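**Student:** Take a look and give me a structure for this.
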Amino acid sequence: MSRRKDLERYLRLKQANPDYTGFRGSKAVAAKPPLALESVVCSVCHRKRNVESANLPADRESYVCLTCQEAQAPVPAEGTG
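**Tutor:** The predicted structure is shown next:
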């Protein structure tokens, strides 16, 4: 549709319903605030990682990144039977 047709459609809807606020509504949806990230060095692989502040351990020297956690996770045993 062209802008002219969009405007005509909007005006028709507005005339039929004075409370019509348009396709997007009267209020724009606010974006979520960005997460608070902090740079921490992994104690296993010694790589710097950006981690949410809420997920950091009290002792930052003992932080283990997700990649190292997955590598250290025990492999589930295959079913017997």
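**Student:** pretty sure Arg4 belongs to a strand, no?
**Tutor:** No - applying DSSP: H, G, I helix; E, B strand; the rest coil, one finds Arg4 to be helix, outside a strand.
**Student:** neighbours around it, how many?
**Tutor:** Using other Cβ atoms under 10 Å, Arg4 is surrounded by 8 other residues. (Glycine included, C-beta is placed from N, CA and C.)
**Student:** what residues are up against it?
**Tutor:** Taking Cβ atoms under 8 Å, 6 or more residues apart in numbering as the definition of contact, Arg4 has no neighbours.
**Student:** Check the spacing between it and Thr67 real quick.
**Tutor:** Per Cβ to Cβ, to the nearest Å, Arg4 is found 55 Å from Thr67.
**Student:** Can I get stretch 67-77 in PDB, CA atoms only?
**Tutor:** Extracted as PDB, the C-alpha positions of stretch 67-77 are listed here (Å, rounded to 0.1, in the frame of the first residue of the first chain):
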ATOM      1  CA  THR A  67      32.300 -24.100  28.200                       C
ATOM      2  CA  CYS A  68      34.500 -25.500  30.900                       C
ATOM      3  CA  GLN A  69      31.500 -26.600  33.000                       C
ATOM      4  CA  GLU A  70      30.200 -28.500  30.100                       C
ATOM      5  CA  ALA A  71      33.600 -30.100  29.400                       C
ATOM      6  CA  GLN A  72      33.900 -31.200  33.000                       C
ATOM      7  CA  ALA A  73      30.300 -32.500  33.200                       C
ATOM      8  CA  PRO A  74      30.100 -36.300  33.600                       C
ATOM      9  CA  VAL A  75      29.000 -38.100  30.400                       C
ATOM     10  CA  PRO A  76      25.800 -40.100  31.100                       C
ATOM     11  CA  ALA A  77      26.300 -43.900  31.000                       C
END
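**Student:** Any buried residues in that stretch, and which?
**Tutor:** Neighbour counts over stretch 67-77 (16 or more other Cβ atoms under 10 Å) mark Cys68 as buried.
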